[in-house]
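Visitor: What shape does this take:
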Amino acid sequence: MTLKEDFISIGLSEQKTDETLKNAVLSKQLGVAIEEAKKVLNGRDIKTIRVLLYHIATKTKTQIAHRIPMLAQYVGRGAIETEQKLNVALEYILAHQTEELNQAEFEEVCGVGKTISPEDIKCAVKVVIDKHRSELLEKRYRFNVGLILSEVRNSLPKWTDSKAIKNEVDSQVGEVLGPKTEADAAPLPKEKKRDALKKTNLPKNEDSIEESSDSAATMSELLKRVKFHKPGENDHTDGYIPTPNTKNLLKKHLEETGGQVRTRFPPEPNGILHIGHAKAININFGYAAAHNGVCFLRYDDTNPEKEEERFFTGIKNDVEWLGYKPYKITHAADNFDKLYELAKVLIKKGLAFVCHQKSEEIKGFNPLPSPWRERPVEENLQLFEDMKNGLFDEGEATLRMKTVLEEGKLDPVAYRIKYVPHVISGDKWCIYPTYDYTHCLCDSIENITHSLCTKEFQSRRSSYYWLCNAVDVYCPVQWEYGRLNVNYTVVSKRKIGKLISEGIVADWDDPRLFTLTALRRRGFPPEAINNFCARMGLTGAQISVDPEMLEASVRDVLNVTAPRAMVVLEPLKVVVKNFPFSKTQDIEVPNFPNEPEKGSRKVPFSNVIFIEQNDFREVADKDYRRLSPNQPVGLRHAGYIIQLKNIIKDKDGRIRELEVECKPTGEVPKPKAFIHWVSNPIEVEVRLYDRLFKHKHPEDPSEVPGGFLTDCDKDSMKVCNAFAEVSLRDVKVYDKYQFERLGFFSVDPDTDMSKEKVVFNRTVSLKEDSAKV
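Guide: Numbering: from 1, shown residues only. Alright, predicted model coming up:
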């Protein structure tokens, strides 16, 4: 019989059969299960166990696939007859994968030959409901029934039918409470609802990572929902390869860590971090924080040619700016001695060799096999020692590992020669380990429990596990998530360097870039970036979003944290001819108009004010709402409405000044709009930023044939010499404000108070159209 005929013989449809055959691993495992089950059917119809056989094929993890024949025979004999028992069997085998299977214990745990009657379930439910009866009667249908379900499940064997338990709980709860009333159906008041959620002892969340991929308001909320493995249960995860020594290594790991969650953020110190790194920082530090663990900041400093001290400092500052404190700051270089010794272990096991092929010869996926792959161990050890001692030129020798990456790359390089001093180790080494060699071993040395990385490293997962097992050290678990991309920008270190060298941007912190230092300078609050990462969720899919999504998170934070101020970007002088006071008046203006309890400031109001040039039109259409010859306008916070009386122009016909008269707001009809203004102002510099690139994907030749440099908008920064209210005279760098009707702004580091030079960067505009305000 062919596989297709086998699949159809158990009752799979043609469509399901064709779908299954597309998956080689699934097809193989289902074929084995069918073959083994047929041996013990004893006249039973194989179609009656179709679902269970398919369950075996889909749910059995790689590391226990050799147990498929045994499971299929238990199912074929009718000894394991439910999905619940099969799940318990798979769980038991996974937990005992490196041991000789204890058949009696296995059958006891899985309920072989045992049943739970409806009466057994009914009694267990009654016991739990009686325990909670008073609270159930008090809260009625608002009682958390999940608590009852959880306790009943814990009181019965794990293989008991969950659906039967739920049906019995629903039935008995209905008997106790009776039909729902109108009061049961009425919505709970918000405050009571919040209190109820706080007081309810919710059962443990069992969502998987796939189910928890929806966005959340905060990283803590998101990462508490994620179901990764528990520390010490590494060998229960998909694709993990245990060895006979795995249990001992995990036991030692737990003794050293106390079962603590440990993660790490491992950037290369050869550039400044960008918005994509913000997601990695949040996931690594956030997951540890959400589970009372710790996170290391580890510099992957294995390429001394490109590493600079300012990058080490900048990375640490960015991590701390986002609100995270590393448990320890470490370097790959801290482990160079140990890594060297482990490389010798690989050589002694015949799993690594010194190769003399040039770098161009081993590039790509189909290079010529190395003629030195099978040289003797002693010769490899001596040559590796010679590499360390500087007896070879750069490029003349490498140490390569005898393994194949999942992407098909053969024998990846573990060590190469570089005669470059290291920031940490100085001139001690002239051979440096590669990422493929260093990463997993440093994770092991630091007892990392969860090695969280982006999806492009999935192709290195098998070599990660292979290398730890090859040198017989504790092996962490690698989990991958989709990387975050933002459109209309570039984040490549090389390309940002090109933008700087071409004079298109000033430096790594130019506010038009999406490096973290640039976003900080532009005024993005760190909590807004963290919340944005949380809203992107945690999935395996790569995410690409427009900058507006990040800007929306920024507005949400600044709207409740940035005090208001009035600044005029393009001032037009206005003289109030009938100013009702003999001298300048101080007006008390709230810093947050909708929350006056948050304080106020004094704003001067005199007979000379300045308004935005575009808040006046000499000739206005019917949709224009602000000041014009026949239309008055209100002054925000002043309590006055002004009406145009005269326009003063220069010799070229440009408007130089307006003369107006004012009246209190209560004496005239309400105007169509109120505008911001300043009086007795200070001069400030305001920098307005737009997108640096015109196209969504500036690196895509199909969108930008001339290359990303040709896509830059030369008008992406505009500088205004603006007038600001006097309360902004004493600002500090990174102070943030909402300039009324204009947007959110942040004080730039170029500000020099000794020279009375104040510089603001526009962080984001307001959502509203100022023309309608």
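Visitor: Skipping adjacent residues, who's closest to V719 in space?
Guide: In this structure, V719 finds its nearest non-sequential neighbour in R687, 5.5 Å apart by C-beta to C-beta, 6 or more residues apart in numbering. Where you see a C-beta, it was placed from the backbone N, CA and C, and this is true even at glycine.
Visitor: Could you work out the end-to-end span of stretch 60-69 for me?
Guide: 11 Å (C-alpha to C-alpha, to the nearest Å).
Visitor: next one: it to chain centre, how far?
Guide: The chain centroid and the centroid of stretch 60-69 are separated by 33 Å, computed with C-alpha atoms, centre = their mean, to the nearest Å.
Visitor: How about residues contacting that stretch?
Guide: Outside of stretch 60-69, the residues that reach it under the criterion C-beta atoms under 8 Å, 6 or more residues apart in numbering are 29, 32-33, 36, 56-57, 71, 90, 93-94, 97, 101, 235, 237-242.
Visitor: distance of F610 from S425?
Guide: 61 Å (C-beta to C-beta, to the nearest Å).
Visitor: now do D621
Guide: 71 Å.
Visitor: From the contacts of stretch 60-69, list just the buried residues.
Guide: Neighbour-count burial (16 or more other C-beta atoms under 10 Å) applied to the contacts of stretch 60-69 gives 29, 32-33, 36, 56-57, 71, 90, 93-94, 97, 235, 240, 242.
Visitor: Please state the backbone phi and psi of the most centrally placed residue in the chain?
Guide: The centroid of the chain falls nearest to K279 when counting by C-alpha atoms, centre = their mean (3.4 Å). Main-chain dihedrals, K279, degrees, to the nearest 10: phi -60, psi -40.
Visitor: Am I right that it is in contact with N485?
Guide: No: if you go by C-beta atoms under 8 Å, K279 and N485 don't touch, sitting 10.0 Å apart.
Visitor: Which SSE is immediately downstream of the worst-scoring helix or strand of the chain on mean pLDDT?
Guide: Ranked by mean pLDDT, DSSP states H and E, the weakest helix or strand in the chain is helix 190-199, scoring a mean of 44. Downstream of helix 190-199, the next assigned helix or strand under DSSP states H and E is helix 219-225.
Visitor: After that next one, which helix or strand is next?
Guide: helix 246-257.
Visitor: I would like the residues contacting that next one, please.
Guide: Against helix 246-257 from outside (C-beta under 8 Å, 6+ apart): 98-99, 231-232, 234-235, 447, 449, 472-475.
Visitor: check contacts around T58.
Guide: Here T58 is in contact with L26 (C-beta under 8 Å, 6+ apart).
Visitor: how far away is it from K598?
Guide: For T58, the distance to K598 - C-beta to C-beta - is 57 Å.
Visitor: For Y432, pull up the helix or strand it's in.
Guide: Counting by DSSP H and E, Y432 is part of strand 431-433.
Visitor: List the contacts of that strand.
Guide: 302-304, 332, 336, 339-340, 343, 387-388, 399, 414-418, 422.
Visitor: Tell me the gap between it and the middle of its chain.
Guide: 31 Å.
Visitor: Over to I648. Which of the three states is it?
Guide: strand (DSSP: H, G, I helix; E, B strand; the rest coil).
Visitor: In contact with the residue lying closest to it once chain neighbours are set aside, which residues are there?
Guide: Closest residue to I648 apart from its sequence neighbours, by C-beta to C-beta, 6+ apart: E657 at 4.2 Å. Counting by C-beta under 8 Å, 6+ apart, E657 touches 572-575, 647-648.
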